[in-house]
Every structure is written in C-alpha cells, then in structure tokens.
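Participant: Here is a sequence together with a model predicted from it:
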Amino acid sequence: MKTKFLVMTALVCTTVLATPSFAVPPPTQGEPGETPQEICDRLLQPNNPNSKFQTVPSNIGEPTEVPGSQVITSQILVSVTPVGDPVYSEFSGYDNFHRNGGSPNVWASATADSVVYPDGSLELYDILYDVDVATPFGCDVFKVNPNDNEVDPAGLESTGHTAIETLTDVAGQLEVAVPGPYIPPDSGSTFIENLLVCISPDATTRGKPGDWRGMHGFAAADCPAASIAAGGTVPSENNPD
C-alpha cells in the first residue's frame, strides 16, 4: 500500500507539471491601430510559445470616445444666431409720426444703418474631425487537443484591455458661443416701424412748460413739428409754449 501511494503521488505531480504556467497579464492598452486580436496574441506569446495555446478577444464592449482626442480637420460656417436684444443706431428717413394710445410722446418709422447685439452669438459649423475611440475587451486562452477537444483552463482569461482606433473624416456639427458685442457683417439697413423719437415736455418748474427731448438721433428742435404730424397738440398738461 505504501508503494502504491507513492506511485499515485508521482502521477499527480506529473499531471500538475504538464500544465504550462501562465502569468495573467495586467490590463493593457494597445498601440493606436492595434486590434484586439493582435493585442491578445502579443500578450500570450511571451508566456510559453510552445504550449500550443491560442487566444481570442472576449467580452468586447462598445467603443467610446477618448476624452480630448477630437481633432477638427475642417469646418464650414453654416449659420450665425445673434443673442440678446439688438441695439440700433445711425437712424435716417424718419416718417409716419404717430402716438401710441394716449401717450404724449411721439414715435416714427425710420431706417437704422447699424445694429449691435450686446450678448454675442451662436455660430453653427459643419465639421469633419478625427477622433480616437477605445474598445474594452478581454483575452480568452484555450488549446485544442488532437482529439478536437478544446481545453479552456479556468483562470487564464485576462480582462481590462483596451484597443485604440482613430476614426477619420467623421462628420458632425459644432456650436460655438461667441461673446459680445456682435455686429452682423453686411447686415444692411433695418426698417423700424415703431421708434421713439420725442419725449414730451415736462414741467421741471411749477407753472413753466418743459422742453421736448429728442431720442434715437432725432433733433429735439424738430419735435414740435413731429408732434403736429402725429396728430396735433400734446394730449396732456405738459404742453410747451
């Protein structure tokens, strides 16, 4: 019985020694353009090239963009959207003097040759760009015996690897916020139908009439005539002389 025990022990030891040692590689990021299969092959080769073990990628995940890797190769401006309320100036062609409701002030239509948006703009571009994407995967290690039985030892699969691929000429759109002020190029003239041009006289001293105040480039001296054109005398107690 003692002899048999020693023989059995020897057989067990022989079986253990016949299994090739395999150090599971740590998570590895491949070189740009290196495929998951190439990375798995590279990780397996140094362990035991005579073991006849093979490897294939496993548990391949979804590619995700590598932060900060995007490089714009071309961009074409599509549109500019001004932000904020425009400020008009350089008025001319005052016409159609009128009042709004019972206000003593005078409005008119006019043409503005300048417009400025104080809050900037949003610019939209069609773009082409290059971007790196990272694909996570593992490496499954196995061996096929002469009888076509596959040996897939537990514990030999490595995980946490990453393949990096550069995608080129990827189409997209880019929106850029531009700080103000924003002056539209070649904006031309802008017709404004309801522009305040005269603020009615106000008595700054009791018993004395005030003076008209011109607005938006309109001369205060022309306000009495504009008031008449808007419908006659000022409909308030703030009549001028």
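Facilitator: Thanks, I have it.
Participant: Spell out the secondary structure type for the residue nearest to residue 171 when sequence neighbours are not counted.
Facilitator: Spatial nearest neighbour of residue 171, excluding adjacent residues (CB to CB, 6 or more residues apart in numbering): residue 128 at 6.1 Å. Using the backbone N, CA and C atoms, a C-beta is placed for each residue, glycine as well. Of the three states, residue 128 takes strand according to DSSP: H, G, I helix; E, B strand; the rest coil.
Participant: Residue 128 and residue 109, how far apart?
Facilitator: 46 Å (CB to CB, to the nearest Å).
Participant: Repeat that for residue 75.
Facilitator: The value you get for residue 75 to residue 109, if CB to CB is used, is 40 Å.
Participant: Likewise for residue 178?
Facilitator: 31 Å.
Participant: same thing with residue 116?
Facilitator: Distance from residue 116 to residue 109, by CB to CB: 21 Å.
Participant: Tell me if I'm right that residue 222 and residue 215 touch.
Facilitator: No: in this structure, residue 222 is not within contact of residue 215 by CB atoms under 8 Å, at 11.6 Å.
Participant: is the nearest residue to residue 33 once chain neighbours are set aside in a bridge, and if so with what?
Facilitator: The shortest distance from residue 33 to any non-neighbouring residue, by CB to CB, 6+ apart, is to residue 165 (6.6 Å). When assigned by DSSP bridges, residue 165 has beta-bridge partners residue 133.
Participant: What is the neighbour count of residue 165?
Facilitator: 16 (other CB atoms under 10 Å).
Participant: What about residue 102, how many residues nearby?
Facilitator: Neighbours of residue 102 (other CB under 10 Å): 7.
Participant: what about the chain, any weak spots by pLDDT?
Facilitator: Within the chain, the set of residues satisfying pLDDT under 70 comprises 1-22, 46-49, 203-209, 234-241.
Participant: Sketch out the strands for it, chain order is fine.
Facilitator: 54-58, 64-65, 71-82, 87-98, 106-116, 121-144, 150-151, 158-178, 190-199, 213-214 (DSSP state E).
Participant: Would you tell me which of those gets closest to residue 227?
Facilitator: Smallest distance to residue 227 across the strands of the chain (CB to CB): 5.5 Å, for strand 106-116.
Participant: Identify the residues contacting residue 42.
Facilitator: residue 34 (CB atoms under 8 Å, 6 or more residues apart in numbering).
Participant: Kindly check the end-to-end length of stretch 193-213 for me.
Facilitator: 20 Å (CA to CA, to the nearest Å).
Participant: now swap in stretch 170-184 and tell me
Facilitator: 30 Å.
Participant: for it, which positions count as buried?
Facilitator: residue 182 (16 or more other CB atoms under 10 Å).
Participant: which residues touch that stretch?
Facilitator: With CB under 8 Å, 6+ apart, stretch 170-184 has contacts from 72, 75, 78, 80, 82-84, 114-131.
Participant: same thing but at 10 Å, please
Facilitator: Residues from elsewhere that reach stretch 170-184 (CB atoms under 10 Å, 6 or more residues apart in numbering): 65, 70, 72-73, 75, 77-84, 86-87, 114-131, 133, 190.
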